[in-house]
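Undergrad: Just need the structure, nothing else, for what follows:
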Amino acid sequence: MSVTQFDLESATRAHRLAGGAVGSRWSSSGERVLGPCVWPRRRLILVIGLTSVLVAGRLRDVVAQDVSCELSPVPGPYGYQRRGDRCEGLFQQQVGGTTLRLVSLTESFEALGDTTRAPLLVAWSVPGNGDVWLRAQGIRKKLYYRMDSRRPGGAGLYHWPSDVLAAQRIKRDHIGILGWTRYALGGIDQDVYVPLRVTQESATVQCGTYLLVLVPGVKLDEVYVSLGRLGAPGQPVQWLRHNKPLLYGFYPADTPIRVPVPELAAPGFYELEISAELASGGPTGIPSRRIYQAGGLPACGGWSR
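TA: The predicted structure follows:
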């Protein structure tokens, strides 16, 4: 639908809400005659105002959904391509990579149904009014899948169609998902990540797992996590963990590393730092990430790798 078509249809809907009908001529008294009804100028002003609000909202959605489909798709209907308000599908294996990636940060992530194609509901809370970028990606070996979407941050919810996931039999443990926005901390505009809540069939979630997922591109000896609460200037003021080893004992290449972070149940801004020791010798890591939590679910009592 074009913006012009939307303008006309929105005007008609707004006019009918105001109690009018549709017509095409003006009377000698300065009122527009619409079939058997009359549309006074003051009502016309009201309709124009309502239409402007509706058009502004639609234009906002158009901008928020503008995301580049930057990957090379595999042939076929499930290749990575634009699908309405998102880019999604399977892509060709990329040459090279990084030694360690952050691929998921969730407050809760419900298991995907085997027999349903109901959409996934992805929810978030952001500081400010900026847009939110969503990225889901394959974390199982040889699963070259990705979904990208850009949403209005104030919406707080995205209905993610599950047709591609269902067709490819992609389950919760096969993917990770990240959400982030742009926000000024300490006077510097930067990416701020938000824990996502993902459900499909459950109406409510009682507690949060608060899980981040890393994927190493090479074998690692050990992984270290630091998590600090940020103060007003945007600097850590309280380290909740500081360079703490995971002690999982085994970190093969291309195998997800799941790290529970129950500390994120408390509201506030955080800084996350991840470093690691390569099995071949030497250090690696990922750039520090800023995280915002508006105040979420109580942390679940148990979790296992």
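Undergrad: Tell me which stretches of this structure form helices.
TA: Assigned by DSSP state H, the helices in the chain fall at 3-17, 41-64, 163-167.
Undergrad: Can you tell me, leaving aside adjacent residues, what's nearest to the residue sitting nearest the centre point of the chain?
TA: With distances taken as C-alpha atoms, centre = their mean, Leu134 lies nearest the centre of the chain, 3.0 Å away. Leaving aside its chain neighbours, Leu134 sits nearest to Ser149 (4.7 Å; criterion: C-beta to C-beta, 6 or more residues apart in numbering). In this view, the C-beta of every residue, glycine as well, is placed from N, C-alpha and C.
Undergrad: Ala166 and Thr199, how far apart?
TA: 16 Å (C-beta to C-beta, to the nearest Å).
Undergrad: whoops, Gly89 was the one
TA: For Gly89, the distance to Thr199 - C-beta to C-beta - is 23 Å.
Undergrad: What of Thr209?
TA: Note on Thr209: its distance to Thr199, by C-beta to C-beta, is 13 Å.
Undergrad: Overlap of the contact sets of the two?
TA: Contact criterion C-beta atoms under 8 Å, 6 or more residues apart in numbering; residues bridging Thr209 and Thr199 by contacting each: Ser108.
Undergrad: Model confidence score at Ser68, please.
TA: Turning to Ser68, the model gives it a pLDDT of 86.
Undergrad: when you give positions from now on, start the count at 9
TA: Yes, from this point I'll number from 9; that puts the last item at Ser76.
Undergrad: Now do the contacts for the residue lying closest to it once chain neighbours are set aside.
TA: Once flanking residues are discounted, Ser76 sits nearest to Cys95: 7.5 Å by C-beta to C-beta, 6+ apart. By C-beta under 8 Å, 6+ apart, the contact set of Cys95 is Val75, Ser76, Cys77, Glu78, Leu79, Tyr88, Gln89, Arg154, Met155, Asp156, Ser157.
Undergrad: So the third one is in contact with Arg91, correct?
TA: Going back to what we said before, that points to Cys77. No. Between Cys77 and Arg91 there is no contact under C-beta atoms under 8 Å: 9.2 Å.
Undergrad: which residues of the protein score low on pLDDT?
TA: 9-73, 210-214, 304, 309-313 (pLDDT under 70).
Undergrad: Can you show me the strands along the stretch 159-308 of the chain?
TA: Ranges of strands within the stretch 159-308 of the chain are 165-168, 183-193, 196-201, 204-207, 219-224, 228-238, 244-253, 265-268, 276-286, 291-301, based on DSSP state E, counting those that start in this stretch.
Undergrad: Adding mean neighbour count and distance to Ala126, write those out as JSON lines.
TA: JSON lines is the format used below for the strands of the stretch 159-308 of the chain (neighbours: other C-beta atoms under 10 Å; distance: least, C-beta to C-beta, whole Å):
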{"stretch": "strand 165-168", "mean neighbour count": "16", "distance to Ala126": "10"}
{"stretch": "strand 183-193", "mean neighbour count": "21", "distance to Ala126": "17"}
{"stretch": "strand 196-201", "mean neighbour count": "15", "distance to Ala126": "27"}
{"stretch": "strand 204-207", "mean neighbour count": "21", "distance to Ala126": "10"}
{"stretch": "strand 219-224", "mean neighbour count": "23", "distance to Ala126": "23"}
{"stretch": "strand 228-238", "mean neighbour count": "19", "distance to Ala126": "34"}
{"stretch": "strand 244-253", "mean neighbour count": "13", "distance to Ala126": "36"}
{"stretch": "strand 265-268", "mean neighbour count": "20", "distance to Ala126": "25"}
{"stretch": "strand 276-286", "mean neighbour count": "19", "distance to Ala126": "32"}
{"stretch": "strand 291-301", "mean neighbour count": "16", "distance to Ala126": "27"}
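Undergrad: would you turn those into TSV with distance to Val130?
TA: What follows is the strands of the stretch 159-308 of the chain, written out as TSV (distance: least, C-beta to C-beta, whole Å):
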stretch	distance to Val130
strand 165-168	4
strand 183-193	7
strand 196-201	14
strand 204-207	5
strand 219-224	15
strand 228-238	23
strand 244-253	26
strand 265-268	19
strand 276-286	20
strand 291-301	16
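Undergrad: Determine which of those approaches Gly146 most closely.
TA: Nearest to Gly146, of all those, is strand 183-193, at 5.8 Å by C-beta to C-beta.
Undergrad: now the angle from the closest one to strand 196-201?
TA: Counting by axes from the mean of the first three to the mean of the last three C-alpha atoms, to 10 degrees, strand 183-193 lies at 150 degrees to strand 196-201.
Undergrad: Could you list the paired strands of strand 183-193 along with their orientation?
TA: Strand 183-193 sits in its sheet next to strand 140-146 (antiparallel), strand 196-201 (antiparallel), going by DSSP bridges.
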